[in-house]
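K.L.:
below is the sequence, then the predicted model.
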Amino acid sequence: MDTQQIVLASRPVGSPTIDNFSFESIALPPLQPDEVLLEGLYYSVDPYMRGRMNDTKSYVPPFQLDQPMLGGVIAKVIESKSPDLNHGDIVFGMLPWRVQTVTSAKGLSKIDDSNVPISYHLDVLGMTGMTAYFGLMDIGKPKVGETVVVSGAAGAVGLVVGQIAKIHGCRVVGITGSDEKVKLLKEKYAFDEAINYKTTGDLKTTISRSCPEGVDIYYDNVGGEISDAVISNINFHARIPLCGQISLYNSTEVPVGPRLQPMLLTRSVLMQGFIVINYQSRFPEAISHLAKWVQEGKIKFDQTIIPGFDQLPSAFLGLFKGNNIGKMIVKA
């Protein structure tokens, strides 16, 4: 059986382009015992994938040249030689960018698609939601009345972080990149304030005005000059969950910015990076809370769903232009 896949054709220098990807037709091998044939339904594109395009050591191995990109995929079982999965089952796995693929049943999670749309399992009920949950709850430790600032606030993780903070009685300020997203954060997601960093001349001063009592928790998805401005307004004993640095992923040189360590030291601030997979043993805890909040209407969210398997590279590149509101997903 032949199928199509998308491979990493070259490693990007600076911002990735469409030329870094290539489409190929390949023949799939016959099924072996405990294997399944899957057809992709929904494909996740995420900022962390940019780091894996570089040939550098990190918490996960880099993508290999001339090999398919890998990411979170929701797929349907077309054929099975596994006792655990049957034809028609819906599963989640970290899978190659292929229309169909043959893989071991181990490592696949069966999805119950009866209660919510299955795409939710790439979003608020998947890694996205759990990233928001563990970063805020374990590192941020929100308390009633505290001020929480979220960068990348209209992105998939940021939307969930802000709403969990509101559930816990915090005042929430989001930083985003358009007036449309500012309006969305305030009107749909009940953020107390939102800032368009692209049209704000002095971001440090604007944050100070939006956070008159300072910043107790800064959930950092962005890094760079935005984080410099937020941390300038940080309170004593504040917490900074360090989730992403999307503003720096395409940098070809190491940017020089303010030296933040003296401020962190003198204000007794905790800054901690984390990877959601570190919390794997506690995933059921997060899913339980997130599912309850979704059912109660306490967490809402948007998805930017792009139709067509061939749109995967374009959707991925769109993350770095702010083309998404909420989770960016490609529907095959």
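P.N.:
Good, I have the coordinates. Numbering: from 1, shown residues only.
K.L.:
can we go C-alpha only for contacts and neighbour counts from here?
P.N.:
OK.
K.L.:
domains for this structure, by residue range?
P.N.:
The record's domain parsing of the chain by automatic domain parsing lists 2-123+301-331, 127-277.
K.L.:
which regions of this protein lie under the pLDDT threshold?
P.N.:
Where the chain drops to pLDDT under 70, the residues are 113-114, 252.
K.L.:
80 instead?
P.N.:
By pLDDT under 80, the weakly predicted segments of the chain are 58-59, 113-115, 248-257.
K.L.:
in CSV: the domains of the chain, plus mean neighbour count and distance to residue 286.
P.N.:
Listed next are these as CSV, based on neighbours: other C-alpha atoms under 10 Å; distance: least, C-alpha to C-alpha, whole Å:
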stretch, mean neighbour count, distance to residue 286
domain 2-123+301-331, 18, 13
domain 127-277, 19, 6
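K.L.:
residue 40 sits in which helix or strand?
P.N.:
Per DSSP states H and E: residue 40 is located in strand 35-44.
K.L.:
quick check, residue 5 in a helix?
P.N.:
No - assessed with DSSP: H, G, I helix; E, B strand; the rest coil, residue 5 is strand; it does not lie in a helix.
K.L.:
and the strands in the stretch 151-300 of the chain, which stretches?
P.N.:
Counting by DSSP state E, counting those that start in this stretch, the stretch 151-300 of the chain has strands at residues 171-176, 193-196, 215-219, 234-242, 270-273.
K.L.:
distance to residue 129 added to the ones you listed, as JSON lines?
P.N.:
Below are the strands of the stretch 151-300 of the chain laid out as JSON lines (distance: least, C-alpha to C-alpha, whole Å):
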{"stretch": "strand 171-176", "distance to residue 129": "17"}
{"stretch": "strand 193-196", "distance to residue 129": "21"}
{"stretch": "strand 215-219", "distance to residue 129": "14"}
{"stretch": "strand 234-242", "distance to residue 129": "15"}
{"stretch": "strand 270-273", "distance to residue 129": "17"}
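K.L.:
closest to residue 84 out of those?
P.N.:
Of all the strands of the stretch 151-300 of the chain, strand 270-273 sits nearest to residue 84, with 36.3 Å by C-alpha to C-alpha.
K.L.:
which secondary structure elements does the closest one sit against?
P.N.:
Judged by 3 or more C-alpha pairs under 8 Å, 6 or more residues apart in numbering; DSSP states H and E, strand 270-273 is in contact with strand 234-242.
K.L.:
which helices and strands sit right next to the strand it packs on?
P.N.:
Counting by 3+ C-alpha pairs under 8 Å, 6+ apart, strand 234-242 packs on strand 215-219, strand 270-273.
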